[in-house]
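# Sequence below, structure please.
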Amino acid sequence: MPAKRGQAVDSPAQKLGEYLMHARVAKKMTLREVEESTGRTVSNAHLSQLENSHIGKPSPNILHALAGVYGVPYEVLMEKAGYLMAKTDRAEGAKHGRVATFADKNLSPEEEEELLKHLAYIRWKTGKK
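All right, here's what the predicted structure looks like:
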């Protein structure tokens, strides 16, 4: 996929877009089928923009919905979107950057998702990537 004007070759957005497109094609799904499978959480137009690297950092909620439909690890999508460091970039023994800090609290998947959304909002608000 060629780089967009002003976008570095192999940018995180491009890598995420290509990954999402390959995952969808591997499932033999159309953009509209993905939209239906996510309960319209992800519109086909939004997914098209993601796949074409026009959107580089979708919300964790969008990534969670796509991970479920494609059967891919949520953490992989979070890494590709830049929310988490790649495992190879993490210090040995370091926490993985998800909600591991609260692992002893027995969070439900819904609570964990809400914490991730809140973290994404805080990072957006403070300009931290």
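# Assess the claim that Pro12 and Gly56 are in contact.
Yes - counting by Cβ atoms under 8 Å, Pro12 does reach Gly56; the two are 6.0 Å apart. (Glycine included, C-beta is placed from N, CA and C.)
# which residues do those two both contact?
Residues touching both Pro12 and Gly56 comprise 81-82, with contact defined as Cβ atoms under 8 Å, 6 or more residues apart in numbering.
# okay, now the nearest residue to Leu77 once chain neighbours are set aside: neighbour count?
Excluding the flanking residues, the one nearest Leu77 by Cβ to Cβ, 6 or more residues apart in numbering is Leu63, at 4.2 Å. Neighbourhood size, Leu63 [other Cβ atoms under 10 Å]: 26.
# Same check on the one 4 residues further on?
Ala67 has 18 neighbouring residues, counting by other Cβ under 10 Å.
# Spatially nearest residue to it (excluding sequence neighbours)?
Per Cβ to Cβ, 6+ apart, closest to Ala67 is Tyr74, 4.2 Å.
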